[in-house]
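Q: this is a predicted model, with the sequence first.
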2 protein chains.
Amino acid sequence: MVEKPLANHESQRKFEIRCPRGTRDYGPQDMTLRRQVLDVVTECFKRHGGVTIDTPVFELRDILMGKYGEEGGKLVYDLSDQGGELLSLRYDLTVPFARYLAMNKTIMYIKRYHIGKVYRRDNPSRGRFREFYQCDFDIAGSYDLMIPEAELLRIISEILNALDVGTFEIKVNHKLLLDGMFAVCDVPKKHYKAVYSSIDKLDKLPWEDIKNELCNEKYIHCDVVSKLETFVRLREHNNSLTNLDLLNWFEKDETTSQNNDIQKAVSEMKQLLEYCELFGILSTITIEPSLARGLDYYTGAIFEVTLKDCSEKIQIENGDSDKETRSINIGSVAGGGRYDNLVSMFLPKHKVPCMEDVRSKDTQVLVASAQKKLVKERMKICRLLWDNNIKAEMALKANPKMLDQMQYCEEHKIPLAIIVGERELEEGILKLRDVPSRIEQDIPRDNLVEELNRRLKHLQ
Amino acid sequence: MVEKPLANHESQRKFEIRCPRGTRDYGPQDMTLRRQVLDVVTECFKRHGGVTIDTPVFELRDILMGKYGEEGGKLVYDLSDQGGELLSLRYDLTVPFARYLAMNKTIMYIKRYHIGKVYRRDNPSRGRFREFYQCDFDIAGSYDLMIPEAELLRIISEILNALDVGTFEIKVNHKLLLDGMFAVCDVPKKHYKAVYSSIDKLDKLPWEDIKNELCNEKYIHCDVVSKLETFVRLREHNNSLTNLDLLNWFEKDETTSQNNDIQKAVSEMKQLLEYCELFGILSTITIEPSLARGLDYYTGAIFEVTLKDCSEKIQIENGDSDKETRSINIGSVAGGGRYDNLVSMFLPKHKVPCMEDVRSKDTQVLVASAQKKLVKERMKICRLLWDNNIKAEMALKANPKMLDQMQYCEEHKIPLAIIVGERELEEGILKLRDVPSRIEQDIPRDNLVEELNRRLKHLQ
């Protein structure tokens, strides 16, 4: 289309020319920057075997309602009833993904990423928006506990390191730890949600304000609130607690040691810490018992990522044309958690699996093993490959079957497999398999990255 | 986020799990294909000096209303009034672009592309959707007539050739030809819009149906309709008419030769044909007096592109899960036109120009000239460069100033300029200028592409 915008017509403007509240335009320079950032994110998602999907920007209202909890539900943009279906704009990319899985019952396993805009009819403070991008990576399927969680945290670390945003902290908690704490403190079940949303503010508000909100606005008994304080301010009151100290405290404390939910959460989070160490990201992790993400659909580990040094002065624009320079705290830049039941809310039964057969992922190498108890060895090799920008995956089970792993390579047209076994470990070698020809070759472990890069260059 | 979707919960589903009507999901394979197509489009847009912007998916309702004419207005999705602003989803990317220009008064010239979803609350037939992507390229600024139009048609040709979709036809008409025809036939002014939308259907319906609609549904006098028939069926009744024959007919016919609008349109379209020949795309162009695109904002040349051999059997899916294989006609795949007044509807006055200063476009070479009357020589060189995948631009004025052209290079960090002049033409050479150092060198015209590729490789 062609346009000559500068013809000097005398038509008068009868209305205000601006973007809707909480939205803004992105000019060519903004777009160049956005492209650079999203390229880093996409590259990392692909490095971990992600495939992408797209879903409509609106969903049937019935599908969205009730999935976001009290807070979220209020912030959804509804479309007018213009004599058709009742629709609402998506609030996140998670519920649409769950709906997608429910409609595509043949998908048994998927690592999908989705980069798209979401809509929140919030009253945004400066620097926050009602229309903004989310970059989601979700791992769906039946996997062994904390392996997918650890990979997700690794993905976040890779992206934040690549974007060079300074120091960051990944706060981790567990829904069962929260539930157990509430049970131990005698929080009435019907008030769980209200209490979650109050204690989640502990990183922004002093305890006095939260206590006040709980006692005087939400009418939680003061004894209950006092008991809660012991748990949620544990870190605050014990500056030197390591993650393991904290988990051990919950394991041994006389009240919490009796609670099954808490003991389960503690044991799972210990496992997560071990995997995070293997993935080289342990230093960024903080177990934080006051972290309580609001969305109703979480069931296991939850996490939230904050930037440490982001109180610089930045220039912000807020839909209208005035700009101002002030210092703001960006706060949380990523978050998520395990949600086991969201798909099954849509899906009463599941059907027989059937993998897709066109290459839709970029994975170059699968890290496999022929024997049991080698999950940690596979993790170490994955870490090495990711560190060297090789697109690598491993089965997210502790003891996957060799046949399943090789089938996965063939189905997804992954050209190479690294096979680690006990003999190989002893001898300091690895087996490198060319998937199409099934020809295997032993290579010294120290040459792994070099040899893979050589082979991959050949394959292009 | 982590998910295990297959936990076999017995929660029952109370509502239908599907996408909204006229929308669909795109799985990993669809997305791979989409990415490939959009990469071709983006690459071409950048080759022509395009920069990209992004605007919100909804706009203030007042801004959208009245810009799409009778038809379009009805199909806009409104958001509910939830105690804030009245908003609607965008129907195209053109009105948001005009609004963007009105808000960014310092932009005097821009070639912007925008690839994004638009929303039409249509009753879509199979294979059409209510949510779909548009890939827009718009050229804004004060340029000489038909130069930007010709470049746009060239862009479309490049993309369709690269996508290998078979033969295509670019139908071209002119708003002033239509207006003139209507005046000559005594169509009452208040019925123009109604008549446009009827005759635009001539490629799908027989004349009898259209005549019926005009006479019996829209109450246009039968004599008027008979006169119109002569013009809009001109091609149909004279199979062998070339584009030039057709324009000459309008130039000489006793009624149309008296109408200023028609004569202006004819002369402009002749100019367009000449430029299209220089750009190597003349064989795809058909001047078609019955083409009448519905949108109210067009003021000059309008065009629409159809695929010739697309009645193959294709598999289509329509939001719900059933697929069917049938033969459909894809119809129009691109369209547009000149709209001179859309921005000024928002913008009573314009301000002093001010170019942006961060590199936001990929252009590698500007094709410039130091003397007048060399627009066609610049076009020939541009064509050669585009044919060889070099990202090239030229000033879209017939006789631009040398200083302006060099300033454009420096502002947009375009590294190289080709300068054509009379002396160079005589000697079969071109001047190649390194923009940062301002060092110029004569090179034989036949070596142009080779030399540019050599230099560009060095610059990376």
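A: Received, thanks.
Q: can you spell out the domain ranges of chain A, please?
A: Annotated domains of chain A cover A:19-142, A:143-347, A:365-458 [the TED database].
Q: any chance of those domains in a markdown table, plus distance to chain B and mean pLDDT?
A: Just so you know, the C-beta spots here come from the backbone N, C-alpha and C atoms, and that holds for glycine as well. Compiled in a markdown table, the domains of chain A are given as follows (distance: least, C-beta to the nearest C-beta, whole Å; pLDDT from 0 to 100):
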| stretch | distance to chain B | mean pLDDT |
| --- | --- | --- |
| domain A:19-142 | 3 | 91 |
| domain A:143-347 | 3 | 87 |
| domain A:365-458 | 10 | 93 |
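Q: as JSON lines, these with mean neighbour count would be great.
A: Formatted as JSON lines, the domains of chain A follow (neighbours: other C-beta atoms under 10 Å in any protein chain shown):
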{"stretch": "domain A:19-142", "mean neighbour count": "19"}
{"stretch": "domain A:143-347", "mean neighbour count": "18"}
{"stretch": "domain A:365-458", "mean neighbour count": "17"}
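Q: looking at the ones you listed, which is closest to residue B:108?
A: Set against residue B:108 and scored by C-beta to C-beta, these come closest in domain A:19-142, at 14.1 Å.
Q: ends of the closest one, what's the gap?
A: This stretch, domain A:19-142, spans 44 Å end to end (C-alpha to C-alpha, to the nearest Å).
Q: all the strands of the stretch 251-400 of chain A, residue numbers only.
A: Secondary structure of the stretch 251-400 of chain A by DSSP state E, counting those that start in this stretch: the strands cover A:285-287, A:301-307, A:313-317, A:323-327, A:332-339, A:365-369, A:392-394.
Q: and the closest residue to residue A:288 other than its chain neighbours, which of the three is it?
A: Excluding the flanking residues, the one nearest residue A:288 by C-beta to C-beta, 6 or more residues apart in numbering or on different chains is residue A:171, at 4.2 Å. Following DSSP: H, G, I helix; E, B strand; the rest coil, residue A:171 is assigned to strand.
Q: and what of residue A:92?
A: coil.
Q: my read is that it contacts residue A:134, right?
A: Yes. Between residue A:92 and residue A:134 there is a contact under C-beta atoms under 8 Å: 6.5 Å.
Q: overlap of the contact sets of these two?
A: Both residue A:92 and residue A:134 are contacted by residue A:118, under the criterion C-beta atoms under 8 Å, 6 or more residues apart in numbering or on different chains.
Q: which residues touch residue A:454?
A: Counting by C-beta under 8 Å, 6+ apart, residue A:454 has no contacts.
Q: show me where the stretch 101-250 of chain A has its strands.
A: Under DSSP E, counting those that start in this stretch, the stretch 101-250 of chain A gives strands at A:110-119, A:131-140, A:168-174.
Q: out of those, flag the one nearest residue A:251.
A: Comparing those by their distance to residue A:251 (C-beta to C-beta), the top pick is strand A:168-174, with 13.1 Å.
Q: could I get the strands of the stretch 251-400 of chain A as CSV with distance to residue A:63?
A: Formatted as CSV, the strands of the stretch 251-400 of chain A follow (distance: least, C-beta to C-beta, whole Å):
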stretch, distance to residue A:63
strand A:285-287, 34
strand A:301-307, 23
strand A:313-317, 34
strand A:323-327, 39
strand A:332-339, 15
strand A:365-369, 35
strand A:392-394, 31
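Q: distance of residue A:108 relative to residue A:339?
A: Distance of residue A:108 to residue A:339, computed by C-beta to C-beta, to the nearest Å: 17 Å.
Q: mind putting the strands of the stretch 101-250 of chain A into JSON lines with distance to residue B:398?
A: Shown next, in JSON lines, are the strands of the stretch 101-250 of chain A (distance: least, C-beta to C-beta, whole Å):
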{"stretch": "strand A:110-119", "distance to residue B:398": "42"}
{"stretch": "strand A:131-140", "distance to residue B:398": "42"}
{"stretch": "strand A:168-174", "distance to residue B:398": "56"}
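Q: what about the residue nearest the centre of chain A, distance to residue B:194?
A: Residue closest to the mean C-alpha point of chain A, counted by C-alpha atoms, centre = their mean, is residue A:336 at 4.2 Å. To residue B:194, residue A:336 is 54 Å away according to C-beta to C-beta.
Q: kindly report the same for residue A:210.
A: Residue A:210 is 65 Å from residue B:194, by C-beta to C-beta.
Q: how about residue A:17?
A: Per C-beta to C-beta, residue A:17 is found 30 Å from residue B:194.
Q: then residue A:91?
A: Noted for residue A:91: a distance of 42 Å to residue B:194, by C-beta to C-beta.
Q: go on, residue A:138?
A: Relative to residue B:194, and taking C-beta to C-beta, residue A:138 is found at 51 Å.
Q: repeat for residue A:453
A: Residue A:453 is 67 Å from residue B:194, by C-beta to C-beta.
Q: next: residue A:206.
A: Distance, residue A:206 to residue B:194, using C-beta to C-beta: 68 Å.
Q: would you check that residue A:186 makes contact with residue A:224?
A: Yes. Assessed by C-beta under 8 Å, residue A:186 is found in contact with residue A:224 at 5.5 Å.
Q: overlap of the contact sets of the two?
A: Shared contacts of residue A:186 and residue A:224 (C-beta under 8 Å, 6+ apart): none.
Q: ok, now which ones touch residue A:42?
A: If a contact means C-beta under 8 Å, 6+ apart, then residue A:42 has A:113, A:115 as its contacts.
Q: can you do 7 Å?
A: residue A:115 (C-beta atoms under 7 Å, 6 or more residues apart in numbering or on different chains).
Q: so where does it fall, helix or strand?
A: In the assignment (DSSP states H and E), residue A:42 maps to helix A:28-47.
Q: which SSE is immediately downstream of that helix?
A: strand A:51-52.
Q: please state the offset of that next one from the chain centre?
A: Put simply, strand A:51-52 sits 15 Å off its chain's centre (C-alpha atoms, centre = their mean, to the nearest Å).
Q: for the helix or strand just after it, name the packing helices and strands.
A: Where DSSP H and E defines the elements, the next helix or strand beyond strand A:51-52 is strand A:58-60. Counting contacts by 3 or more C-beta pairs under 7 Å, 6 or more residues apart in numbering or on different chains; DSSP states H and E, strand A:58-60 is packed against strand A:87-89.
Q: what are the contacting residues of the strand it packs on?
A: Contacts for strand A:87-89 (C-beta under 7 Å, 6+ apart): A:57, A:58, A:59, A:60, A:61, A:64, A:76, A:77, A:78, A:79, A:119, B:20.
Q: CSV please, covering those and showing distance to residue A:24.
A: Shown next, in CSV, are the contacts of strand A:87-89 (distance: C-beta to C-beta, whole Å):
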residue, distance to residue A:24
A:57, 18
A:58, 21
A:59, 24
A:60, 29
A:61, 27
A:64, 25
A:76, 21
A:77, 17
A:78, 22
A:79, 22
A:119, 14
B:20, 27
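Q: closest one to residue A:156 out of those residues, please.
A: residue A:119 (23.5 Å).
Q: just checking, the closest one touches residue A:75?
A: No. In terms of C-beta atoms under 7 Å, residue A:119 does not count as a neighbour of residue A:75; the distance is 8.6 Å.
Q: shared neighbours of those two, anything?
A: Shared contacts of residue A:119 and residue A:75, counting by C-beta under 7 Å, 6+ apart, come down to residue A:91.
Q: gap between the helix or strand residue A:98 falls within and the chain center?
A: Per DSSP H and E: residue A:98 is located in helix A:94-103. A distance of 16 Å separates the centroid of the chain from that of helix A:94-103, by C-alpha atoms, centre = their mean.
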